[in-house]
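J.: Below is the sequence, then the predicted model.
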Amino acid sequence: MKVKSTLVVATLALVAACGGNPQPGEPGYSFNLNGEYDASFAADDGQAYSGTMQLTTGPGGAVTGTLSIVTPLSVDGTIEGTIIGAQFDVTIEYFIPDLQCGGQVTSTATIAEGGDAAGGPSDITSEDECAGAPTTATFTLSR
């Protein structure tokens with residue numbers, strides 16, 4: 001009987017260890033980014049761009065979403081990224097309808113515990129038609 005109880009305790013300990021803490025993309029993970037956020041980019045040329053991001057964190061920390069900048073001009077974007085720990089590596093493919101051009105923003109942001117805010121430096125590349133666009137910015141998300 002003692003061997004059987006020891007085996008049961010060992011099995012329960014193993015199951016508890018495997019269950020562990022939630023991982024990125026799982027419910028209860030402290031750094032998931034889900035829902036709508038106010039988004040801003042403070043560009044190196046002094047211009048501030050603001051709008052919203054709609055984000056979803058999926059299995060393994062994969063993040064997808066959309067960007068909608070409304071000030072000072074309309075910019076639409078598609079978001080793909082990854083959460084590793086509290087770090088959000090993101091790529092945004094953007095398009096400016098009024099100028100008929102676009103480009104890409106890449107950023108590594110730090111996520112606040114609870115997932116209500118994030119921020120970090122960004123690099124911006126643009127098509128030739130968007131020449132004169134800023135090349136770096138500070139990216140901020142908040143609720």
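T.: That came in fine, so what should we check first? Numbering: from 1, shown residues only.
J.: in stretch 53-65, what's buried?
T.: Buried residues in stretch 53-65, counted by 16 or more other Cβ atoms under 10 Å: 53, 55, 57, 61, 63, 65. C-beta here means a position set from N, CA and C on the backbone, and glycine is covered the same way.
J.: tell me how far that stretch is from the chain's mean position?
T.: 7 Å (Cα atoms, centre = their mean, to the nearest Å).
J.: Please apply the same query to stretch 97-111.
T.: For stretch 97-111 - counting by Cα atoms, centre = their mean - the centre lies 13 Å from the chain centre.
J.: For the protein, give me the ranges with low pLDDT.
T.: By pLDDT under 70, the low-scoring segments of the chain are 1-19.
J.: Recalculate using a threshold of 80.
T.: Scanning the chain for pLDDT under 80 picks out 1-20, 128-134.
J.: If we ignore the residues flanking it in sequence, what's nearest the most centrally placed residue in it?
T.: Taking Cα atoms, centre = their mean, the centroid of the chain lies closest to Phe88, which sits 4.8 Å from it. Closest residue to Phe88 apart from its sequence neighbours, by Cβ to Cβ, 6 or more residues apart in numbering: Ala109 at 4.4 Å.
J.: That neighbour - how many residues pack around it?
T.: Residue neighbour count, defined by other Cβ atoms under 10 Å, stands at 23 for Ala109.
J.: Ok, Leu73 next?
T.: Neighbour tally, Leu73, other Cβ under 10 Å: 12.
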